[in-house]
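K.L.:
pasted the sequence and its predicted model underneath.
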Amino acid sequence: MGLTADSSGINVLKENFNLELERDMTVIALAGNPNTGKSTVFNGLTGLRQHTGNWPGKTVTQAQGVFTHNGQDFMVVDLPGTYSLLSNSTEEMIARDFICFAQPDATIVVADATNLERNLNLVLQVMELTDNVILCVNLMDEAKRKNIDIDIGGLKQELNIPVIPAVARDGKGLDEIKEMAYKISYDFIDIYPIKMNYSEDVEKAVEKIVPILESSIGEIANKVNLRWLALRLIEGDRTILKSINKYYMNVDEDINVIKEHEVQADGVG
Amino acid sequence: MFLTDLPIGNKGEIMDLTARGNQRRRLLDLGLIPGTTVVAKRKSPSGDPIAYLIRGTVLALRKEETDLVNVS
Ligand SMILES: Nc1nc2c(ncn2[C@@H]2O[C@H](COP(=O)(O)OP(=O)(O)OP(=O)(O)O)[C@@H](O)[C@H]2O)c(=O)[nH]1
Ligand SMILES: [Mg+2]
């Protein structure tokens, strides 16, 4: 059973992602490169109110937990560590599909302050997929020890998203993360991340593909980020079409109507 | 030369990638961007994969990937 246009989001989350939601609870995803402290942030946020299992059909461990802030419950999902969201591995596919199809109310990207340049690649990819992104710059203690000065204000300005410095191992920054997740989920603030523009060739190809997608994937077009989808197709990643089929099984038309030659563009990468 | 041929312990600079499509994307996501310094750290017993220090992280890459990266 997949998502039908009229079935509620809560069932999708339960069936496709194993989430133990009892009611329409706010969902927060934790993404990030491997070994940046995601699970430490997760443990700090949820304490003992957590539960581990596997991602549906996968051998990858899944952790979900709950915290309460300002009287509201938030479900937190710890995603596998990845350098990218482009489905080169099971882990990347899980992280990508969760952000794209489970559509969490907010995604927190946990980054390593001592290796920020590498970590920002994933941050930019998440920002391309969803607006509700919080950057948590973790391991600030390690950065200090290595004399690395992080310009938090500069990051906020350049990325146009909330940026929270943290030392997750000491619980520092967690309250700020909770408060920001609350503000975003309950619409007290809107986030408009900086959008990446590509070369003219790529942008032209996007303009061409988006209407094709709109007419070929029906109602789903309102649910997924079509620009992002078009960019993935231009890159030659057709696994995303399979995922759409998987999560939205009631597509009447075969989405493979999108022909290879319609999604070619030069100058990518 | 190919990244594959960078001797263990040596440093090189990535010149360009001959990989295309998804594979190119994957290498770029791993931080193999032209201009990046890489250090060959160690070989697995079979010689493949090889571990490289790239942008602060040690990553194991297969020959089929490192043959698609030119370094100087
Ligand atoms: N010094 C310091 N260490 C930290 C901090 N946060 C986490 N760590 C340590 O970093 C290591 C990795 O933390 P994890 O929480 O397992 O990282 P992860 O991102 O979940 O790792 P993967 O799930 O393997 O990708 C652990 O040894 C933590 O104790 C921090 O703020 N400062
Ligand atoms: Mg973890």
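P.N.:
The structure has been received and is ready for your questions. Ligands and ions are numbered 1, 2, ... in the order given.

K.L.:
the helices in the stretch 101-250 of chain A, which residues?
P.N.:
Secondary structure of the stretch 101-250 of chain A (DSSP state H, counting those that start in this stretch): helices located at A:116-129, A:140-145, A:152-159, A:174-185, A:200-216, A:226-234, A:239-247.

K.L.:
nearest to ligand 2, of these?
P.N.:
Ranking the helices of the stretch 101-250 of chain A by distance to ligand 2, with C-beta to the ion as the measure, places helix A:116-129 first at 14.4 Å. Quick note: C-beta positions are derived from backbone N, CA and C, even for glycine.

K.L.:
can you list the residues of the stretch 1-150 of chain A near ligand 1?
P.N.:
A:32, A:34-40, A:81, A:138-139, A:141-142 (C-beta under 6 Å from any ligand atom).

K.L.:
return the members of those classed as buried.
P.N.:
Neighbour-count burial (16 or more other C-beta atoms under 10 Å in any protein chain shown) applied to these gives A:Gly32, A:Thr36, A:Gly37, A:Lys38, A:Ser39, A:Thr40, A:Gly81, A:Asn138, A:Leu139, A:Asp141, A:Glu142.

K.L.:
possible to save those as TSV with distance to A:Lys195 and pLDDT?
P.N.:
Formatted as TSV, those follow (distance: C-beta to C-beta, whole Å; pLDDT from 0 to 100):
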residue	distance to A:Lys195	pLDDT
A:Gly32	21	97
A:Thr36	24	97
A:Gly37	28	97
A:Lys38	25	97
A:Ser39	30	95
A:Thr40	31	97
A:Gly81	25	96
A:Asn138	25	98
A:Leu139	28	98
A:Asp141	33	98
A:Glu142	31	98
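
K.L.:
now those as TSV including distance to A:Val109?
P.N.:
Formatted as TSV, these follow (distance: C-beta to C-beta, whole Å):
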residue	distance to A:Val109
A:Gly32	5
A:Thr36	9
A:Gly37	12
A:Lys38	9
A:Ser39	14
A:Thr40	15
A:Gly81	11
A:Asn138	10
A:Leu139	14
A:Asp141	19
A:Glu142	18
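
K.L.:
show residues contacting the lengthiest helix in chain B.
P.N.:
For chain B, the longest helix by residue count, based on DSSP state H, is helix B:21-29. Applying C-beta atoms under 8 Å, 6 or more residues apart in numbering or on different chains, the contact partners of helix B:21-29 are A:83-84, A:86, A:88, A:121, A:235-237, A:268-269, B:17, B:19, B:65, B:68-69.

K.L.:
which ones among the residues you listed map onto helices?
P.N.:
Here DSSP H is the test, and these give A:Asn121, B:Glu65 as lying in helices.

K.L.:
burial of the residue of the stretch 51-200 of chain A at minimum distance from chain B, as a residue count?
P.N.:
Residue of the stretch 51-200 of chain A nearest chain B, by C-beta to the nearest C-beta: A:Ser84 (3.6 Å). For A:Ser84, the count of nearby residues is 20 (other C-beta atoms under 10 Å in any protein chain shown).

K.L.:
what does the pLDDT read for it?
P.N.:
You'll see A:Ser84 listed with a pLDDT of 92.

K.L.:
what sits against it?
P.N.:
A:Glu92, A:Asn121, A:Leu122, A:Gln125, B:Arg25, B:Arg26, B:Asp29, B:Leu30.
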